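**Student:** Got a sequence here, can you build the structure:
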Amino acid sequence: MGGGSCSTEVTTEETKVDCQMCGLDGHTGIECPWVYTRCRKPGCNGSRKLLRSTQPNSVGRRFLTCQKSTCKQFQWLEEALSLVVFSPPQSYYVDGCFGCGDTNHWINACPWRNTPCSVSNCDGCRKLSISGTLHNYGIPYLKCPKCNTFEWMSDVLAASKSSEVELNLDEVCKFVMKKLNIKN
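**Tutor:** Next up, the predicted model:
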């Protein structure tokens with residue numbers, strides 16, 4: 001019915017798919033894992049966007065830049081790809097906890113598991129997880145399921161260490177002031 005003839009020939013030849021966004025094989029632009037990625041700058045929870053340069057010395061070259069106005073972290077896409085595609089997944093912690101890196105305990109006893117959320121009005125508990133996404137594979141992070149606050153474990157540990165240093169510096173100052181009989 002309906003007349004006409006259509007070819008029902010099926011080809012089995014595989015077509016090579018190049019992503020229009022990142023240029024890699026195996027996915028299309030709509031599925032590209034590089035279009036939006038989390039910013040890797042410590043302390044920033046922004047998103048990086050994949051863009052193409054229009055500068056005369058790098059026309060068409062792809063790069064990632066953070067969308068937060070206070071960050072603007074920049075990385076050429078080739079550099080980001082070389083850190084993921086051409087190197088095996090990094091082993092951040094050899095012995096001990098692969099969540100926080102401490103060698104005195106394993107992940108099941110990590111003190112960072114189920115810690116209170118860092119957002120002032122949230123009473124949720126952050127879960128310690130390990131990223132499984134291509135561009136952040138194996139990197140530990142904390143996320144509150146109640147308010148969706150996300151923090152890279154490296155940022156949390158750096159902030160924790162800097163507050164320890166500040167505390168120790170305050171103690172040193174108090175000690176020196178006491179020894180020199182200086183009053184506040």
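**Student:** contacting residues around Lys183?
**Tutor:** Met177 (C-beta atoms under 8 Å, 6 or more residues apart in numbering). Every C-beta, even on glycine, is put in place using the N, C-alpha and C of the backbone.
**Student:** Just give me the neighbour total for Pro111.
**Tutor:** Pro111 has 13 neighbours, counted by other C-beta atoms under 10 Å.
**Student:** ok so it is a strand residue?
**Tutor:** No - using DSSP: H, G, I helix; E, B strand; the rest coil, the secondary structure at Pro111 is coil, not a strand.
**Student:** mind checking pLDDT for it?
**Tutor:** We have a pLDDT of 87 for Pro111.
**Student:** Kindly provide the distance from it to Gly99.
**Tutor:** In this view, Pro111 and Gly99 are 10 Å apart by C-beta to C-beta, to the nearest Å.
**Student:** Please apply the same query to Arg62.
**Tutor:** Using C-beta to C-beta, which is the criterion applied here, Arg62 is 33 Å from Gly99.
**Student:** Those two: which has the busier surroundings?
**Tutor:** More crowded of Arg62 and Gly99, by other C-beta under 10 Å: Gly99, with 23 against 18.
**Student:** pretty sure the more buried one is touching Trp152, no?
**Tutor:** No - counting by C-beta atoms under 8 Å, Gly99 does not reach Trp152; the two are 11.9 Å apart.
**Student:** Find residues that contact each of those two.
**Tutor:** Shared contacts of Gly99 and Trp152, defined by C-beta under 8 Å, 6+ apart, are found at Pro140.
**Student:** just how off-centre is stretch 119-137 within its chain?
**Tutor:** 11 Å (C-alpha atoms, centre = their mean, to the nearest Å).
**Student:** Kindly apply the preceding question to stretch 104-124 instead.
**Tutor:** Distance of stretch 104-124 from its chain centroid, counting by C-alpha atoms, centre = their mean, is 19 Å.
**Student:** Ends of it, what's the gap?
**Tutor:** The stretch stretch 104-124 measures 27 Å between its terminal residues, going by C-alpha to C-alpha, to the nearest Å.
**Student:** Then stretch 18-32?
**Tutor:** End residues of stretch 18-32 are separated by 10 Å (C-alpha to C-alpha).
**Student:** Could I get the buried residue list for that stretch?
**Tutor:** For stretch 18-32, burial by neighbour count (16 or more other C-beta atoms under 10 Å) applies to Cys19, Met21, Cys22, Cys32.
**Student:** and if you look at stretch 27-47?
**Tutor:** Cys32, Pro33, Trp34, Val35, Thr37, Arg38, Cys39, Arg40, Lys41, Cys44, Gly46.
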